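Chemist: can't give you the sequence, but here's the structure:
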């Protein structure tokens with residue numbers, strides 16, 4: 001019989017594996033950076049500027065732009081757009097973009113939260 005600690009670890013690993021499979025089923029080539037960007041945007045329901053996103057998600061500017069394109073409305077190269085985020089002009093500084101979750105992105109984050117909490 002497994003101890004409580006072993007059961008907790010096993011259940012935690014099963015949840016992590018389910019989350020990895022969730023993303024892999026959507027896009028087998030999805031990278032951790034893209035997931036990190038999605039979750040960072042989700043942590044900022046009032047939006048997050050692109051420079052803040054680079055710092056908080058710990059990615060390069062070029063990588064952030066490419067991944068926001070795939071997570072957003074445009075895709076990148078042959079990769080389809082997931083439409084989980086969108087960016088818009090910052091009303092306080094027109095040269096800066098702010099990134100938000102789309103309704104679909106909110107659904108994805110809700111599903112992930114449910115997977116973690118069950």
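Modeler: Thanks, I have it. The model shown is predicted, which means the values in this text are computed figures rather than measured ones.

Chemist: Counting neighbours, what do you get for residue 52?
Modeler: Other residues lying near residue 52 total 15 when counted by other Cβ atoms under 10 Å. No exception for glycine: its C-beta is placed from N, CA and C like everyone else's.

Chemist: residues contacting it?
Modeler: By Cβ atoms under 8 Å, 6 or more residues apart in numbering, the contact set of residue 52 is residue 44.

Chemist: For it, pull up the helix or strand it's in.
Modeler: helix 50-57 (DSSP states H and E).

Chemist: So what's the predicted local confidence for residue 69?
Modeler: pLDDT, residue 69: 87.

Chemist: and what of residue 2?
Modeler: pLDDT, residue 2: 57.

Chemist: Now do the nearest residue to residue 99 once chain neighbours are set aside against residue 71, distance only.
Modeler: The shortest distance from residue 99 to any non-neighbouring residue, by Cβ to Cβ, 6 or more residues apart in numbering, is to residue 87 (4.8 Å). Distance of residue 87 to residue 71, computed by Cβ to Cβ, to the nearest Å: 10 Å.

Chemist: How about the contacts made by the residue lying closest to residue 69 once chain neighbours are set aside?
Modeler: Nearest-residue entry for residue 69: residue 76, 4.7 Å, with adjacent residues in sequence omitted and distances by Cβ to Cβ, 6+ apart. Contact analysis of residue 76 by Cβ under 8 Å, 6+ apart lists 66, 69-70.

Chemist: And these, which is closest to residue 28?
Modeler: Proximity of those to residue 28 was ranked by Cβ to Cβ; the top entry is residue 70 with 13.3 Å.

Chemist: burial of that closest one, as a residue count?
Modeler: Around residue 70 there are 23 residues (other Cβ under 10 Å).

Chemist: For burial, what's the neighbour tally of residue 23?
Modeler: 17.

Chemist: Kindly confirm my reading that it is in a helix.
Modeler: Yes - with DSSP: H, G, I helix; E, B strand; the rest coil as the criterion, residue 23 is part of a helix.
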